[in-house]
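Asker: Give me the fold of what follows.
(chains A and B)
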There are 2 protein chains.
Amino acid sequence: MDRLTIIKVGGKVVEDQQALELMLDQFKRISGYKLLVHGGGTLATSLANQLGVETTMVEGRRITSSAMLDVVTMVYGGLVNKRIVAGLQARNCNALGMTGADMSLVRTRKRPVQTIDYGFVGDVEEVNTRELRLLLNENVVPVIAPITHDGKGLLLNTNADTMAAELAADLAAFYNVFLFFCFEKRGVLLDPANDASVIYELDYLQFEDYKTQGIISSGMIPKLENAFSAKKRGVKEVLITNAESIANGRGTRIV
Amino acid sequence: MDRLTIIKVGGKVVEDQQALELMLDQFKRISGYKLLVHGGGTLATSLANQLGVETTMVEGRRITSSAMLDVVTMVYGGLVNKRIVAGLQARNCNALGMTGADMSLVRTRKRPVQTIDYGFVGDVEEVNTRELRLLLNENVVPVIAPITHDGKGLLLNTNADTMAAELAADLAAFYNVFLFFCFEKRGVLLDPANDASVIYELDYLQFEDYKTQGIISSGMIPKLENAFSAKKRGVKEVLITNAESIANGRGTRIV
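Answerer: Numbering: from 1, shown residues only, chains lettered A, B, ... in the order given. As a prediction, the model looks like this:
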């Protein structure tokens, strides 16, 4: 099987034009088939503020009101997605920006209300990569924003890490998938205050242990749950790292 | 050659959820390959107002400042595009939303400043439909927002009528292209106050004559220039009509 590299980027990398350009330079150097999944960082929050739309976060997840859904559709699906596409086209990568609604790549279901009403948030029901694979084989580079649809006309907000993990798991049947979750740090840290304390290998038992000890907490927990889920479902290699380390493949390896 | 129907919609049809749903119902009924090009109507102006970004129009064309480029990228490339995609997916049309930057579908050049500085507006340099045709042949329905790129990383705003005409002209080498420009009226009117005064056939000499007489004026002039250009470049049929008439093919026929 051919190699397919899936890079998930978020946070500062997509907010800041200079950081974005540096990441795209790294991304361009990846050989073989590749695909980018991006979040929107604080750009959505900042547009929401300007429009007087309130932002509520619970456990690192955005509560998505109807007005906030429009904001993330504009920021993730429009502004950030097309900036990345234009940047990749300038680097001779034939990028195609899309969301999970496009070609019904990721169909989701509005999350049922239990203790928390997440609003217009979608949980993955079906991944369909048929047309995406045709495009990959034509050397098209998909750039995917974390917006999905329910198949009944509703757009939904879906976590970008989850999108990346679900796509990776589906595509693992067709490619040797290498999945990189990129964020600000060089990997999962034993000591958040010490950037050099990267955990180079992490298995599920250690993860559980670190969670109990409070070493791994908050937003890192769902990210690692996604990482372990992808690994378990046939993704060849899953790495938590920063954008600068895409090329050398260093970081926290999920085992 | 197979038939390909290209529908360009704008104005109220994309602003108003009910009008949009009705248009999508009509669009769904078109048999054969099809493609939708949309504008953003006044939604961009309204978001710009909310954000304190000034809107300047000259001869029906928007002057695109850097802030306005972000607004149209969000509204056309994000909100409107993805709403249409979700609406078509709900109707079992396998829609893929994109801009001219995606897969470098439409490469443009920033319009040189002559008497007017249009800002970040792109004039078409190259249309590349290679990957688009692969998708059409897989029954994917492209939904195209009027944003383009210069191949050097810059996004640009391009008139949606122009996008539709350029795509139609390029695709005429591969399909029997039927191009419909949809707007509020049932066609080009002899008397703007009388909706029944549709001109059923229009050739270039009559067009010139009507322009001189002031019967055809303002925004209708560039629209018709685009229509005549497409017809001259091999598009089989070009019609100016409203969304309700897509199915019956009535309106102003360019001859």
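Asker: Tell me what A:Thr5 is bridged to.
Answerer: With DSSP bridges as the criterion, A:Thr5 is bridged to A:Lys34, A:Phe178.
Asker: residues near it, how many?
Answerer: 22 (other CB atoms under 10 Å in any protein chain shown). The C-beta positions use only the backbone N, C-alpha and C, and glycine is treated the same way.
Asker: show me the contacts for it.
Answerer: Counting by CB atoms under 8 Å, 6 or more residues apart in numbering or on different chains, A:Thr5 touches A:Ile30, A:Gly32, A:Tyr33, A:Lys34, A:Leu35, A:Val177, A:Phe178, A:Phe180.
Asker: List the backbone torsions phi and psi for A:Ser217.
Answerer: Backbone torsions of A:Ser217, given as degrees, to the nearest 10, read phi -150, psi 180.
Asker: What count of nearby residues applies to whatever residue of chain A ends up closest to chain B?
Answerer: Distances between chain A and chain B by CB to the nearest CB are smallest at A:Gly78, namely 2.3 Å. Using other CB under 10 Å, A:Gly78 is surrounded by 32 other residues.
Asker: three-state assignment of the residue lying closest to it once chain neighbours are set aside?
Answerer: Closest residue to A:Gly78 apart from its sequence neighbours, by CB to CB, 6 or more residues apart in numbering or on different chains: B:Gly78 at 2.3 Å. Recorded secondary structure, B:Gly78: helix (DSSP: H, G, I helix; E, B strand; the rest coil).
Asker: And the pLDDT for A:Arg61?
Answerer: Note on A:Arg61: pLDDT of 68.
Asker: next SSE after the helix or strand of chain A with the lowest mean pLDDT?
Answerer: Each helix and strand of chain A was given a mean pLDDT (mean pLDDT, DSSP states H and E); the minimum falls on strand A:61-63 at a mean of 76. The helix or strand immediately downstream of strand A:61-63 is helix A:66-74, counting by DSSP states H and E.
Asker: about what we covered before: the residue nearest to A:Gly78: what's it in contact with?
Answerer: A:Thr73, A:Met74, A:Val75, A:Tyr76, A:Gly77, A:Gly78, A:Leu79, A:Asn81.
Asker: For the third one, give me its contacts.
Answerer: Okay, so that is A:Val75. A:Val75 sits in contact with A:Gly40, A:Leu43, A:Ala44, A:Leu47, B:Met74, B:Gly78, where contact means CB under 8 Å, 6+ apart.
Asker: who wins for most neighbours among these?
Answerer: Counting by other CB under 10 Å, top hit in the contacts of A:Val75: B:Gly78 with 32 neighbours.
Asker: Where does A:Leu36 sit, in terms of helix or strand?
Answerer: Short version, using DSSP H and E: A:Leu36 is in strand A:33-38.
Asker: For the helix or strand following that strand, enumerate the helices and strands it packs against.
Answerer: Moving toward the C-terminus from strand A:33-38, the next helix or strand (DSSP H and E) is helix A:43-50. Contacts defined by 3 or more CB pairs under 8 Å, 6 or more residues apart in numbering or on different chains; DSSP states H and E place helix A:43-50 against helix A:66-74.
Asker: Quick one: work out the angle between the helix it packs on and helix B:66-74.
Answerer: Counting by axes from the mean of the first three to the mean of the last three CA atoms, to 10 degrees, helix A:66-74 points 100 degrees away from the direction of helix B:66-74.
Asker: Which residues does helix A:66-74 contact?
Answerer: By CB under 8 Å, 6+ apart, helix A:66-74 touches A:40, A:44, A:47-48, A:51, A:53, A:55, A:62, A:64, A:119-120, A:147, A:155-157, B:47, B:74-75, B:78-79, B:82-83.
Asker: now swap in stretch A:197-213 and tell me
Answerer: A:185-191, A:216-217, A:221, A:224, A:228, A:251-255.
Asker: a markdown table for the contacts of A:Val75, including pLDDT and distance to B:Val143?
Answerer: Formatted as a markdown table, these follow (pLDDT from 0 to 100; distance: CB to CB, whole Å):
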| residue | pLDDT | distance to B:Val143 |
| --- | --- | --- |
| A:Gly40 | 83 | 21 |
| A:Leu43 | 91 | 24 |
| A:Ala44 | 91 | 23 |
| A:Leu47 | 95 | 23 |
| B:Met74 | 97 | 16 |
| B:Gly78 | 97 | 12 |
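Asker: Tabulate those (CSV), appending distance to A:Asp161.
Answerer: Formatted as CSV, these follow (distance: CB to CB, whole Å):
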residue, distance to A:Asp161
A:Gly40, 13
A:Leu43, 17
A:Ala44, 16
A:Leu47, 22
B:Met74, 23
B:Gly78, 21
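Asker: Closest to B:Asn242 out of those residues?
Answerer: Nearest to B:Asn242 out of those is B:Gly78 (CB to CB; 26.0 Å).
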